[in-house]
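In: Requesting a structural model of the entry that follows:
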Amino acid sequence: MTDDTPVLLEIGEDYPEIREAVRRICANFPGSYWRDLEAREAYPSEFVQALTDAGYLSVLIPEEYGGSGLPLRAASAILEEIHAAGCNAGACHAQMYIMGTLLRHGSSEQKSAYLPRIASGELRLQAFGVTEPTSGSDTTSLKTRAVRDGDDYVINGQKVWTSRAFYSDLMLLLARTTPQDQVKKKTEGLSVFLVDMKAARGNGLEIRPLKAMINHNTTEVFFDNLRVPAANLIGEEGKGFRYILDGMNAERILIASETLGDGRWFTRTATAYAKEREVFGRPIGQNQGVQFPIARAYAELVGADMVLRRACALFESGKPCGEDANIAKLLSSEASWHAAEACLQTHGGFGFARDYDVERKWRETRLMQIAPISTNLILAYVAEHVLGMPRSY
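Out: Next up, the predicted model:
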């Protein structure tokens, strides 16, 4: 395909059968289910299993490995509908975008060994070990080391904000195999490993819960002379940063899809309440002060949706999509936050009552302006790589 080949953009509700099926699944997991999980700081095992049994967590795995082999846009629609229904895909979404590293850069032996078992649900690939306490978004400065020792790599270091580590069979781990002072570029010398979490726990790997304002089951992970077979190295040693970067556009797109779904939930919930709630003898939704913030958030969501669809179309066509993927994530996260604020304000004091689910969703969508990439880093990307300004960091 040449660069000037037109990219088709579908308007309206695409993948209607998949969307409707996801809605039916989510209907079995109402707000009370998620509130109970939060109270117990528990993992949504039943929800994840329902999505697994329906095949929705393996939609991006090729059919030859037991998946559906659908385009990224199908996964985008699934995550959007999950969040639009008031549910949360944070417990399982990572499998969709980190699996791509194994699919694109793993050996045929690795793909045959793991992908069919991931597709069937026998194995969960949910843990992504990249972020560290001292480096944060400065990924190339991470300090976790992997040193070759015979047929193994010996790993030492620490990861933080590693969600789902207690509930994942496998972890995709990024570690430095060549010290930074021995490489020409700081992006070199990083490698990706597939870690067997069950075998590693108690044998050099320790997981500690990290309590946060949302129930994402996030953790700190410590490596103390953990031995990982050299056969679990994905791709070539030292090229791991490029492999991880290769999947970032898909990650941006899928997270943008979730925030778009959140925004739909907020505008629908706020609109319904504004129509029903009467104060001073009339619906509060009759007041422009209530109408306008909801209407503006809706308009922002429509714009974000169009950029997101374009990002998906470019990704699926094999064209550069970094600009659209990043901007889609930026616009959708901000539109969803504006919708969340409007929804909370519309509900007044009842917005803080847990039974309404507004405060839970409000907390959940706020995260999206910080993770997995912050708004400021997206703006820095646009300034440098799209507008051609000097690098700021």
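
In: ok, residue 390 - contacts?
Out: Residue 390 sits next to residue 384 when contact means CB atoms under 8 Å, 6 or more residues apart in numbering. Bear in mind the C-beta positions are built from the backbone N, C-alpha and C, glycine included.

In: and it, that's in a strand?
Out: No: looking at residue 390 with DSSP: H, G, I helix; E, B strand; the rest coil, it is coil, so not inside a strand.

In: now it: how far from residue 383?
Out: Distance from residue 390 to residue 383, counting by CB to CB, to the nearest Å: 9 Å.

In: Could you do residue 175 as well?
Out: 30 Å.

In: Would you map out the domains in the chain?
Out: Using automatic domain parsing, the domain ranges for the chain come out as 16-120, 125-239, 245-386.

In: where exactly do the helices run in this structure?
Out: Remark: helices assigned in the chain by DSSP state H are 16-26, 31-40, 45-53, 72-84, 94-105, 108-120, 197-200, 240-246, 248-276, 288-316, 322-347, 358-366, 375-381.

In: For residue 145, find the nearest of these.
Out: Shortest distance between residue 145 and these, using CB to CB, is found for helix 240-246: 12.9 Å.

In: Send me the closest one as PDB with only the CA atoms.
Out: The C-alpha coordinates for helix 240-246 follow below in PDB (Å, rounded to 0.1, in the frame of the first residue of the first chain):
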ATOM      1  CA  GLY A 240      13.400  -4.100  23.600                       C
ATOM      2  CA  PHE A 241      12.700  -0.400  23.800                       C
ATOM      3  CA  ARG A 242      11.800  -0.400  20.100                       C
ATOM      4  CA  TYR A 243       9.600  -3.500  20.600                       C
ATOM      5  CA  ILE A 244       7.700  -1.800  23.400                       C
ATOM      6  CA  LEU A 245       7.400   1.500  21.500                       C
ATOM      7  CA  ASP A 246       6.000  -0.500  18.600                       C
END
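
In: tell me which residues of it are tucked away?
Out: 240, 241, 243, 244 (16 or more other CB atoms under 10 Å).

In: go on, stretch 106-126?
Out: In stretch 106-126, counting by 16+ other CB under 10 Å, buried: 106, 110-111, 114-121, 123-126.

In: coming back round to it: quick one: which of residue 175 and residue 383 has more around it?
Out: Neighbour totals were compared for residue 175 and residue 383, and residue 175 leads with 26 against 14 (other CB atoms under 10 Å).

In: And the more buried one, how far from residue 116?
Out: From residue 175 to residue 116 the distance is 27 Å (CB to CB).

In: Could you point out the longest strand of this structure?
Out: Secondary structure of the chain read by DSSP state E shows that its longest strand is strand 219-229.
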